[in-house]
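A.B. asks: When you get a sec, could you give me coordinates for this:
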Amino acid sequence: MANVIASPRFWKKKAILIKSEATVGTDALPVGAANWIEARNVTFAPLDVETVERNIEQPYFGNGGTLATGRYSTLSFETALVGPGEAGDAPKIAPLLLACAFKETLEVDTSATYDLVSEAIGAVTAYINIDGTLHKMVGCRGTATITIGAKAIPLIRFELQSIYTDPTAVGLPAVDKTGWMIEQPVTAATTLGLTLNAIPLAYSALEIALANQLARIDLPGPQVEVAITDRKPTMSATVLAPGLGVFNPFGLVTAGTVVDITTTHDNRAGHKAKLEGQVRVIGVEYDNVEGMLAYRLTFEPWPVDGNDELTITYL
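C.D. replies: Residues are numbered from 1 along each chain as shown. Next up, the predicted model:
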């Protein structure tokens, strides 16, 4: 008996293209030659349906039916935390950062800086081609989580949502990988320690979650979009525990003090990614790192002047 599918298609064969939209909600037409994303650990739900129950009363058990109230697509993937290769250039993930409520400031030959915003938030068009099936996500917005772990690859995980559009049969595009730098793993040689309240600390793990609040808007008018309506960022770190005379996290929790926090990954010019912001230390737990006493610190990112909880600078 012949196989049902003579030539199976493969999940591994995929291309993700992403481009900023000049007008939110208008297809930016990304192409493989300029807009390929070096994504890893991809998850994709092309059709996520929201429904409302009809609540029909019947003389027997069973479903009374539902009606679709919205159709959406969700896409998640990771990219490495690494600069563009030349100081002052925008990294290839810049469109994604703008769609997660950052703004961009480029200083020639020096830096690319990304600060948070609460208005005029950008959006991207994403093309996801999985072995010949093209899914388009237009008007994408999302959130991001940064993870830095010792002896691991530092990553940014993006989670995007958009209004659903029907897929089409289109061949995989040719892609240009130019501009994607090879990242460095997190080690003592490649990554600076964590500086908290001007105190240098050795750390084994750092996680920063923007936790943007994504609202699926579908109102008569019309007003139809995926909007970022708030953010509730969180942050945590595992640090080696010096003596209390050097670093007293319990006192910081008790006082509720807002302190500066910063670290930089990569030691190569043009590849460095500096993370900095203001936080309150709100939790301390004992932990250990390979048998050494450590603290697991929980932070509340704090907007001192507004939109300054986190800044990412590529140097």
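
A.B. asks: can you tell me which residues contact Glu285?
C.D. replies: Each residue near Glu285 by Cβ atoms under 8 Å, 6 or more residues apart in numbering is listed here: Tyr295, Arg296, Thr298. Where C-beta positions appear, they are placed from N, C-alpha and C, glycine not excepted.

A.B. asks: Mind listing the residues bridging to the second one?
C.D. replies: Which is Arg296. According to DSSP bridges, the partner residues bridging Arg296 are Thr238, Glu285.

A.B. asks: from now on call the first residue 55
C.D. replies: Yep, numbering from 55; the last one is Arg350 now.

A.B. asks: Just the helices from the protein, written as ranges.
C.D. replies: Along the chain, the stretches classed as helices by DSSP state H are 86-89, 148-152, 303-309.

A.B. asks: Quick one: closest of the ones you listed to Glu363.
C.D. replies: Glu363 lies closest to helix 148-152 among the helices of the chain, at 14.5 Å (Cβ to Cβ).

A.B. asks: what does that closest one contact?
C.D. replies: Outside of helix 148-152, the residues within contact range by Cβ under 8 Å, 6+ apart are 72-74, 91, 133, 158, 166, 168, 175-176, 178, 196, 198, 212, 214, 366.

A.B. asks: among the contacts of Glu339, who's most crowded?
C.D. replies: Within those, most neighbours by other Cβ atoms under 10 Å means Tyr349, with 22 neighbours.

A.B. asks: so what's that one closest to, chain neighbours aside?
C.D. replies: Distances taken as Cβ to Cβ, 6 or more residues apart in numbering put Ala295 closest to Tyr349, at 5.0 Å, once the chain neighbours are dropped.

A.B. asks: ok, the one you found - contacts?
C.D. replies: By Cβ under 8 Å, 6+ apart, Ala295 lies in contact with Phe301, Tyr340, Leu347, Ala348, Tyr349.

A.B. asks: one more time with 6 Å, if that's ok
C.D. replies: Applying Cβ atoms under 6 Å, 6 or more residues apart in numbering to Ala295 gives the contacts Leu347, Ala348, Tyr349.

A.B. asks: what do you get for Ser258?
C.D. replies: Here Ser258 is in contact with Ala204, Thr292, Val343 (Cβ under 6 Å, 6+ apart).

A.B. asks: If you rank those residues by neighbours, which is first?
C.D. replies: Comparing those by number of neighbours (other Cβ under 10 Å), Thr292 comes first, having 23 neighbours.

A.B. asks: wouldn't that one be in contact with Ala259 here?
C.D. replies: Yes. The pair Thr292 / Ala259 is scored as a contact, 4.4 Å apart, by Cβ atoms under 6 Å.

A.B. asks: can I get the contacts of Glu339 in TSV with pLDDT and distance to Pro276?
C.D. replies: Converted to TSV, those look like this (pLDDT from 0 to 100; distance: Cβ to Cβ, whole Å):
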residue	pLDDT	distance to Pro276
Tyr349	99	51
Arg350	99	47
Thr352	99	42
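
A.B. asks: Could you single out the nearest of those residues to Val224?
C.D. replies: Distances from Val224 to the contacts of Glu339, taken by Cβ to Cβ, are shortest for Thr352, at 45.8 Å.

A.B. asks: what's that closest one in contact with, if anything?
C.D. replies: Taking Cβ under 6 Å, 6+ apart as the criterion, Thr352 is in contact with Ser290, Ile336, Gly337.

A.B. asks: The second one against Glu354, yeah?
C.D. replies: Yes. Under the criterion of Cβ under 6 Å, Ile336 is in contact with Glu354, at a separation of 4.9 Å.

A.B. asks: ok, the two, which is more surrounded?
C.D. replies: Glu354 (17 against 14).

A.B. asks: distance of the more buried one from Asp314?
C.D. replies: Separation of Glu354 from Asp314 (Cβ to Cβ, to the nearest Å): 14 Å.

A.B. asks: next one: phi and psi at the residue of the chain most remote from its centre?
C.D. replies: No residue in the chain sits farther from the centre than Pro113, which is 49.4 Å out by Cα atoms, centre = their mean. With angles defined as degrees, to the nearest 10, Pro113 sits at phi -80, psi 30.

A.B. asks: do you know how far Asp359 is from Val312?
C.D. replies: 11 Å.

A.B. asks: Between the two, which has more neighbouring residues?
C.D. replies: The neighbour count for Asp359 versus Val312, taken as other Cβ under 10 Å, is higher for Val312 (16 against 6).

A.B. asks: Quick check: closest non-adjacent residue to that one.
C.D. replies: Trp356 (4.9 Å).

A.B. asks: can you check Asn266 too?
C.D. replies: Thr197 (3.8 Å).

A.B. asks: these two touch, right, Leu306 and Val335?
C.D. replies: Yes. Leu306 lies in contact with Val335 (Cβ under 6 Å); the separation is 4.2 Å.
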